[in-house]
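**Q** only geometry, no sequence info:
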């Protein structure tokens, strides 16, 4: 999806007004408002890799933050073997949302350690984690990192969203997202280990796929991950 113009207060208000009518979105908004009650804007960083889930969190957080007078967010983009399309989207998103994007190389623990050593003010990280992600079954909306990780509070606003919830939100609000999702990719990882979801392949057209938002079964979201 093409990003033009800039995210603004009017768009933020539309997101919040519509979101308060939807139970799961309303809960996410309340989590973000609580985050700003616990921390200052400059104490929070968003983990942003260009994927659909963290894009939904970014759009929600940008809405809540902007209406609180915070017009810029800091994002950590940890890369390893990225798709050019993901790099391009992250760059365009940084302009659209007025982001300060900090790029670090994988692994993520090393990247986070380096970031916290460079910026001692950071206390919390917004995550695009959902309950169906590996290792997230018992995660809470606010939870400290494990003892063997750098000390940070993980904030997971969309923890109980489904795959369908994410796409409904992105499409309803015309949220810009990475172009790979229009080519059959349903879950993005390293380029060498990520492929279009075979369930979205168009019959009799081996190289053509339906867009990610047309996937019906949430449990098959990661079918394109090696």
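**A** All right, it came through fine. In this text the structure is predicted, and so the values were computed from the model without any measurement. Residues are numbered from 1 along each chain as shown.
**Q** let me see the mean pLDDT of the helix or strand hosting residue 171.
**A** Assigned by DSSP states H and E, residue 171 belongs to helix 163-172. Mean per-residue pLDDT for helix 163-172: 97.
**Q** right, and residue 195 touches residue 224 too?
**A** Yes: between residue 195 and residue 224 there is a contact under C-beta atoms under 8 Å: 4.6 Å. Yep, even glycine has a C-beta here, placed from its N, CA and C like the rest.
**Q** so between these two, which is more surrounded?
**A** residue 224 (22 against 15; other C-beta atoms under 10 Å).
**Q** contact partners for the more buried one?
**A** 184, 185, 186, 187, 194, 195, 196, 197, 198 (C-beta atoms under 8 Å, 6 or more residues apart in numbering).
**Q** centre-most residue in this protein?
**A** By C-alpha atoms, centre = their mean, the chain has its centre lying nearest to residue 54, at 0.3 Å.
**Q** what residues does that residue make contact with?
**A** 46, 47, 48, 127, 128.
**Q** now the contacts of residue 224 in JSON lines, with secondary structure?
**A** Output for these, formatted as JSON lines (DSSP: H, G, I helix; E, B strand; the rest coil):
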{"residue": "184", "secondary structure": "coil"}
{"residue": "185", "secondary structure": "coil"}
{"residue": "186", "secondary structure": "coil"}
{"residue": "187", "secondary structure": "coil"}
{"residue": "194", "secondary structure": "strand"}
{"residue": "195", "secondary structure": "coil"}
{"residue": "196", "secondary structure": "coil"}
{"residue": "197", "secondary structure": "coil"}
{"residue": "198", "secondary structure": "helix"}
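**Q** pLDDT weak spots in this structure?
**A** 1-4, 226 (pLDDT under 70).
**Q** ok, residue 122 to residue 7 distance?
**A** 23 Å (C-beta to C-beta, to the nearest Å).
**Q** ditto for residue 139
**A** 28 Å.
**Q** can you pull out the helices in this structure?
**A** When secondary structure is read from DSSP state H, the chain shows helices at 9-19, 23-38, 52-67, 84-96, 108-118, 163-172.
**Q** got a list of what the residue lying farthest from the centre of the chain touches?
**A** The outermost residue of the chain relative to its centre, with distances by C-alpha atoms, centre = their mean, is residue 204 at 33.6 Å. Under the criterion of C-beta under 8 Å, 6+ apart, residue 204 has no neighbours.
**Q** who's more crowded, residue 139 and residue 7?
**A** Using other C-beta under 10 Å as the criterion, residue 139 and residue 7 rank with residue 7 on top: 23 against 16.
**Q** got the buried residues for stretch 106-125?
**A** For stretch 106-125, the neighbour count (16 or more other C-beta atoms under 10 Å) marks 111, 112, 115, 116, 122, 123, 124, 125 as buried.
**Q** surely the last one meets residue 151?
**A** By that I understand residue 125. No: contact between residue 125 and residue 151 fails when scored by C-beta under 8 Å: they sit 10.9 Å apart.
**Q** still on that earlier bit, how close does the residue nearest to the centre of the chain get to residue 17?
**A** The gap separating residue 54 from residue 17 is 23 Å, by C-beta to C-beta.
**Q** again, but for residue 93
**A** 23 Å.
**Q** same check, this time on residue 91
**A** 30 Å.
**Q** for residue 96, same thing?
**A** 20 Å.
**Q** got it, and residue 157?
**A** 18 Å.
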